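Enquirer: Sequence first, predicted model second:
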Amino acid sequence: MEFPKGLNRNISLSYNRMSHQDFLDSLKNPYKRTHKIRVIKSLKRKIQTLNAKYGRSGDYIQSKQGFKKKVGSVVRVPETYFYTIDSKGISPGLDHDEFVMKPNHLSRGLGIRILEKTDDGRYQDINGDVLTEKELIEEAQAIMGVGRAWKTARGILFEERIRSHDKLKEFMVGDGIADIRLAFFDKEFQFGVARFPTIKSKGYGNTGRGASWGVFLDSGEFVNDDRFLPCDLTKGTLPFYEDMIQVSQKVLQLYQFPFQTVDLTVDHDGDVVVIESEKSPQLEVYLTKNGATWLYKKVLGKLRK
């Protein structure tokens, strides 16, 4: 995509990751953008209402450790090296040469570090940061509730670092993790979003940090569809698409929620790894007003039954 001259590509546009052209258009027509957000918020409320009718076991989804215990017997999940809710007992989590440190609950991509121990006993993040053990412990303690922003962390996880398969690395920069999200309604696949690390995202597959992304439908082929915001990838086919669908179905069988997303990657051996699942994902990051209306009609039809 060609960006207007004089407009900084790295400018923070909003949490909903608009393209620069969308941003310029929204300045000309604020109502259009406001209406889109209103439709998506309405969609999310309907999804929450619908899912609530089918049980309240959502904590097993929102708590990463609880989710892994539930689904780990049927699919591959990252091995948990250490888990604690005690801010004083973090040191054992740092005993591995490489690992991922993350909040246990509702991180939205915040507070996650992909770490490797250096020869001098410090820890290097994939983004280039180098921290001492004391600095990492202090950061983990902050995540576990010292600050207002982390009141829902409910502990911290130290888990296996997954290295993505070479076929996925063709879409990304560096040695981060390709993060694939599949969305299902009534256990039927609706759409998927592949998120790949870039130089700007410094190894992380979070769109908010600048990762590239592409939407794919039921063929695994990246598309340019008016139901989704303009994305970076609109050509090519996602490797391991069928395998990821099959593994996701095993996860879905353990829950009764009509709407659910599953986040996965594929490790260097070609095994699909389930990272987490959500029943109320941030759909506004990907959907246009058309896309929100498309899902809204499905959810509303289910609610009326």
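Expert: It's in.
Enquirer: quick one: the strands in the protein?
Expert: For the chain, the strands defined by DSSP state E cover 80-84, 98-103, 113-117, 123-125, 130-131, 156-159, 179-185, 188-196, 212-216, 259-266, 272-278.
Enquirer: Make CSV out of those and add distance to K44 and mean pLDDT.
Expert: In short, each C-beta sits where N, CA and C put it, glycine included. CSV is the format used below for these (distance: least, C-beta to C-beta, whole Å; pLDDT from 0 to 100):
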stretch, distance to K44, mean pLDDT
strand 80-84, 30, 88
strand 98-103, 22, 90
strand 113-117, 29, 93
strand 123-125, 32, 94
strand 130-131, 36, 94
strand 156-159, 26, 90
strand 179-185, 13, 96
strand 188-196, 15, 96
strand 212-216, 19, 95
strand 259-266, 10, 95
strand 272-278, 11, 93
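Enquirer: Could you dump those into a markdown table with mean neighbour count and distance to E170 added?
Expert: Listed next are those as a markdown table, based on neighbours: other C-beta atoms under 10 Å; distance: least, C-beta to C-beta, whole Å:
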| stretch | mean neighbour count | distance to E170 |
| --- | --- | --- |
| strand 80-84 | 17 | 29 |
| strand 98-103 | 21 | 23 |
| strand 113-117 | 19 | 20 |
| strand 123-125 | 18 | 24 |
| strand 130-131 | 14 | 29 |
| strand 156-159 | 24 | 26 |
| strand 179-185 | 23 | 14 |
| strand 188-196 | 23 | 9 |
| strand 212-216 | 22 | 12 |
| strand 259-266 | 24 | 12 |
| strand 272-278 | 22 | 17 |
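Enquirer: Out of those, flag the one nearest F171.
Expert: strand 188-196 (4.6 Å; C-beta to C-beta).
Enquirer: Just the angle for that closest one relative to strand 179-185, thanks.
Expert: Angle between the axes of strand 188-196 and strand 179-185 is 160 degrees (criterion: axes from the mean of the first three to the mean of the last three C-alpha atoms, to 10 degrees).
Enquirer: Please work out the angle formed by the directions of strand 188-196 and strand 259-266.
Expert: Angular relation of strand 188-196 and strand 259-266 on a 0 to 180 degree scale: 40 degrees, by the same axes, to 10 degrees.
Enquirer: how about stretch 74-84 as PDB, C-alpha atoms only?
Expert: Only the C-alpha atoms of stretch 74-84 are listed here, as PDB (Å, rounded to 0.1, in the frame of the first residue of the first chain):
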ATOM      1  CA  VAL A  74      -6.200 -33.800  23.700                       C
ATOM      2  CA  VAL A  75      -3.900 -31.300  21.900                       C
ATOM      3  CA  ARG A  76      -0.400 -30.100  22.100                       C
ATOM      4  CA  VAL A  77       0.100 -26.900  24.200                       C
ATOM      5  CA  PRO A  78       3.300 -25.200  25.300                       C
ATOM      6  CA  GLU A  79       4.800 -27.000  28.400                       C
ATOM      7  CA  THR A  80       4.400 -25.000  31.600                       C
ATOM      8  CA  TYR A  81       7.800 -24.700  33.300                       C
ATOM      9  CA  PHE A  82       6.500 -22.700  36.300                       C
ATOM     10  CA  TYR A  83       3.400 -21.000  37.500                       C
ATOM     11  CA  THR A  84       2.900 -18.800  40.500                       C
END
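Enquirer: Reformat the strands of the chain as a markdown table; add distance to E284.
Expert: Supplementary listing: the strands of the chain in a markdown table, determined by distance: least, C-beta to C-beta, whole Å:
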| stretch | distance to E284 |
| --- | --- |
| strand 80-84 | 31 |
| strand 98-103 | 22 |
| strand 113-117 | 26 |
| strand 123-125 | 28 |
| strand 130-131 | 33 |
| strand 156-159 | 27 |
| strand 179-185 | 13 |
| strand 188-196 | 13 |
| strand 212-216 | 14 |
| strand 259-266 | 14 |
| strand 272-278 | 14 |
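Enquirer: looking at those strands, which is closest to K297?
Expert: For the strands of the chain, the distance to K297 is smallest for strand 179-185, at 10.9 Å, taking C-beta to C-beta.
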